[in-house]
Structure formats: structure tokens, C-alpha cells
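J.: Any chance you could fold what I've pasted below:
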Amino acid sequence: MKLTILGCYAATPRTITNPTSQLLEIKNRMFLIDCGEGTQVQLRKNKIKFSKINQVFISHLHGDHFYGLIGLISTFSLLGRTTDLHIYGPKGIKEIILLQLRLSNSWTNYGLYFHELESEESETIFEDEKVVVTTIPLKHRVYTNGFLFQEKVGERKLNMDAVLNYEIESCYYQKIKNGKDIALEDGRTIPNSELTFDPIEPKSYAFCSDTVYHEAILPIIDNVDVLYHESTFLESEEGLAQKTLHSTAKEAARIALKANVKQLILGHYSTRYESISLFKEEAATIFSEVALAEDGITFEL
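T.: The predicted model follows:
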């Protein structure tokens, strides 16, 4: 699992910073999370292949989280894309995008599918044989969801020494990986535990932006490996955070601590501060495993 931060600042883009967007690579899939202005430029800078992105998750309909989407959709067409693109986001995202396409007399030469979200409860919105994605209802000025990405438990790993010792034919290897016992020709049954090792522990990643301090999310993100939580303000602007329904670095740390996560990544910084190191300093007084998102940085989760 690998996370690339394409943009991690609040509100307006600047020459040196970009609004929110992330690229999560998990089990050979690429998920784009939010798509602020300039996202496709950041994708190019980070040498990410556009063609591998088939799902886009939009947290809410504030411009710094989705104004880059129509440009990306248009570029996909110009590049000759034919693979379907699925967009998951709040109700209204379809109307916004289709209106822009219609009034500009544009179209896509690939399937464009919208999965509009309205539920105030956590729900599964994407699932295949390797990954499941559920929503994390957040509390902001407009309808907002975070997203929880979870790997499914993978196949068991063959203990080749044991497999060869029992002279098991290769045609049974997949059955063994799937957890089945094996019956030998002499009548013996070899338990799967003797033939395999446990699969790699599945990873999980929770994305939470934008939101006021909101303990209702704790059961959903409990024990996740990595939590990205917005930290728009420092403690000195706690009153402003409450007013605008954003969080401070310390509040993000409290959520991480109470949810027993392994690592916290801070982001969505207000550009009023001279150094983002201040965010880590404040959060670290509550939760020790803190990292700072920065445009262009990659986390190996």
C-alpha cells in the first residue's frame, strides 16, 4: 500500500502548494481521493499513469476538493481513454460535471459512471476481490464523507519445503493457498497449517477531510494502520476551527489516540502559518506517531 500526496493545503492553490488530492495504490489498484485544482499537473509531476485510475472518491463539494475533476475528465478523453471511470461523491456531483460537459459541447469517449452518496451512516461503496471501501460520515458545513480503504485477507503462502516433502502436485497449489487440506494417495490428510504460512496482515487507510472534531467516527476507524486527518488550524485558532467546522492538529491527535491508530498523517493546512512543523509539534504532545503530509511526498504504508 502506497500513498502519494498530490496536494494537502486548504482553500486556494498557490505556486508552492496545492489543494487536496491523494493517490492510494493498494493491491495493484489506484484510487484517486479528492481532486482539487491542479491535480492532473501533480499526477504528471509524480509520474503517475492516468490510465490506471478507474475510481475517484470525492469527499465533499467544496472547490478545493473537486475543482480539478472536470479538467481530469476532459484530459482522459483527449488521451483516448476507453476504460470506464467511476466517480463516488455527494449527490450533485453528477449534475455539476454533466452541466460543464454539456455547455462546453464536450463528451467522453469512455463510460462515465457516478455513484452519488446521501447516507448519513457508514456504507460500503466499492468492493472487489481484494479491496473494500466504506464511507466515514464527517461533520462539516456541507455533506461530507471520509473514506476507509481496507485490504481483504489474501491467500495463504505456500511452505514449499513441506509441499515438496509430501510430493504434492502443482495442480493442487491454488487449493492449498485457498486454505484447503490435501488428501494424499496413501489416504493421509495433510492439514493446511502444515503446508502454508499465514497471509500478510491486511492494511487499512482512513481519509478524513474536512471535519470538525467528531468522535462519532471512532468506531469506524478503530485500529486502522494509517489515519489522514485534517488539521486546518493550530490550537490558537481553535475558535475559528469550531466556527468553520474544521479541526486543529491537537484535535486530530486526540482522534488518533482514541481510535488506537498506528500512524497519523496531518494535512489540509491553512496557509496562514509560516511553517507546517508547528502542526506536528502540537499533535505530538498528544499522539507520538505523527507525520506531516507534503505535496509530492509518498508514504509506504
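J.: From here on, just use CA atoms for contacts and neighbour counts.
T.: Will do.
J.: Check the burial of the nearest residue to residue 268 once chain neighbours are set aside by counting its neighbours.
T.: Distances taken as C-alpha to C-alpha, 6 or more residues apart in numbering place residue 9 nearest to residue 268, at 4.3 Å, with adjacent residues excluded. If you count neighbours by other C-alpha atoms under 10 Å, residue 9 ends up with 26.
J.: Show the pLDDT at residue 9.
T.: Listed pLDDT for residue 9 reads 97.
J.: can you check residue 190 too?
T.: pLDDT, residue 190: 93.
J.: again with residue 155
T.: Residue 155 is assigned a pLDDT of 88 by the prediction.
J.: so who does residue 183 touch?
T.: Counting by C-alpha atoms under 8 Å, 6 or more residues apart in numbering, residue 183 touches 189-190.
J.: Repeat the analysis, applying 10 Å as the threshold.
T.: Going by C-alpha atoms under 10 Å, 6 or more residues apart in numbering, residue 183 touches 168, 189-191.
J.: Now that we have the residues you listed, can you turn them into CSV and tack on neighbour count and distance to residue 228?
T.: What follows is the contacts of residue 183, written out as CSV (neighbours: other C-alpha atoms under 10 Å; distance: C-alpha to C-alpha, whole Å):
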residue, neighbour count, distance to residue 228
168, 16, 46
189, 11, 47
190, 15, 44
191, 14, 41
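J.: Identify those among these that sit within helices.
T.: Judged by DSSP state H, these include no members of helices.
J.: The stretch 151-300 of the chain: helices as residue ranges?
T.: 160-165, 173-177, 192-195, 218-221, 238-244, 249-259, 277-283 (DSSP state H, counting those that start in this stretch).
J.: got the contact list for the residue nearest to residue 233 when sequence neighbours are not counted?
T.: Counting by C-alpha to C-alpha, 6+ apart, residue 248 is the residue found nearest to residue 233 once chain neighbours are left out, at 4.6 Å. The neighbours of residue 248, taking C-alpha under 10 Å, 6+ apart as the test, are 212-213, 229-242, 254, 266, 269, 279, 282-283.
J.: Would you mind measuring from the residue sitting furthest away from the middle of the chain to residue 167?
T.: For the chain, the residue at maximal distance from the C-alpha centroid (C-alpha atoms, centre = their mean) is residue 186, at 50.0 Å. The gap separating residue 186 from residue 167 is 12 Å, by C-alpha to C-alpha, to the nearest Å.
J.: Please apply the same query to residue 14.
T.: For residue 14 relative to residue 167 (C-alpha to C-alpha), the value is 64 Å.
J.: residues in contact with residue 166?
T.: 160, 184, 190, 195.
J.: Just the buried ones among these, please.
T.: residue 195 (16 or more other C-alpha atoms under 10 Å).
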